[in-house]
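Enquirer: Structure of the sequence below:
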Amino acid sequence: MDDFKANNLNKKENNIFKKRKVREYKNGDFKDKKDILIRESPLTIFIEGHELLTLLCLKEKTEELITGYLAAEGIIEKAAQIKKIEFKKQKEEAHLKLAVDFKIEKFEQRKVILGSSCGSSFINIEGYELLPKIINSQVISAQKLLNLMKKFESEAVYFKKTGGTHISALASLDKIIFASEDIGRHNTVDKIIGEALINEIELEDKLFFTSGRISSEMIIKIIRQKIPFLISRSAPTEAALNLALDSNLTLIGFCRGRRMNIYSGSKRISD
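Expert: Next up is the predicted model:
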């Protein structure tokens, strides 16, 4: 934290971090100091005046978060289908107008599962059997993947400062395109998808990197966007692996250092 002074936060940093007093025990001694904590902010989404849900998130890239969340839930397919986003109450409320027919009653009546992860509180399970098959046939070498993982890890600026965030990133075969951090790993996925949709970036030939455990609700978001590669430093659940196998997704876990586990789609990984 030497290059990030707790006493000198700028305006942007004040939206993301909070200084708090802590008592540190180190090498047999106690010391009072100031530490930097990540700020957790509510974001309540309204569509056509109807309250949809409240997300707890990092107050950064909120438009991308909203866009990605709506796409992950199947409410929109393109960013252009959001006609307007108006933020109120210091960006704790987002009021949306959509260019698609949206019935709050239909949304509330869907079959959902309470999420096991940080971020959005549920995942729509309707249409599991309609998840697309991924037909991408491009191949990347294992060493290139490990190199991309190192670059991905270097993007985790907020985590290095606080230890309190997750990170996801979108990559091509050669480079990290962009990354997003948040308190919830599902939020990071939604932010990446939203940023790609806003910038009209093709997803069907990209790689998706994430820092945390891969759950079934996370993998559904990736498969719905037809992204062929999902790579994490951590492990997938069995349900996530089953979905990856059914959809022909290349799923990789424990990608760190000089190793990785390829759980599905190994034909896309070369020596």
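Enquirer: Regarding N147, what is its secondary structure?
Expert: Under DSSP: H, G, I helix; E, B strand; the rest coil, N147 falls in the helix class.
Enquirer: Roughly how far does it sit from G194?
Expert: Remark: distance between N147 and G194 (Cβ to Cβ, to the nearest Å) = 27 Å. No exception for glycine: its C-beta is placed from N, CA and C like everyone else's.
Enquirer: same question, G74
Expert: Applying Cβ to Cβ, the value for G74 to G194 is 14 Å.
Enquirer: So K83 sits against V100, correct?
Expert: No - using Cβ atoms under 8 Å, K83 makes no contact with V100, being 9.4 Å away.
Enquirer: Neighbour count: those two, which is higher?
Expert: Set K83 next to V100 and count neighbours by other Cβ atoms under 10 Å: V100 wins out with 13 against 10.
Enquirer: Would you mind telling me which of G74 and G194 has more residues around it?
Expert: G194 (25 against 14).
Enquirer: Distance of the residue nearest to P132 when sequence neighbours are not counted relative to P236?
Expert: Using Cβ to Cβ, 6 or more residues apart in numbering and skipping residues adjacent in sequence, the residue nearest P132 is K226, 5.6 Å away. Computed as Cβ to Cβ, the K226 to P236 distance reads 19 Å.
Enquirer: more neighbours, the two?
Expert: Neighbour count, other Cβ under 10 Å: between K226 and P236, P236 has more, with 25 against 19.
Enquirer: how about the helices in the stretch 1-150 of the chain?
Expert: Using DSSP state H, counting those that start in this stretch, the helices of the stretch 1-150 of the chain run over residues 11-16, 62-72, 104-109, 142-154.
Enquirer: who's in contact with the last one?
Expert: Surrounding helix 142-154, the residues in contact under the criterion Cβ atoms under 8 Å, 6 or more residues apart in numbering are 167, 169, 171, 173-176, 179, 207, 209, 231, 233, 252, 255-258, 260, 269-271.
Enquirer: hmm, which of the residues you listed are the buried ones?
Expert: 167, 169, 171, 176, 179, 207, 209, 231, 233, 252, 255, 260, 269 (16 or more other Cβ atoms under 10 Å).
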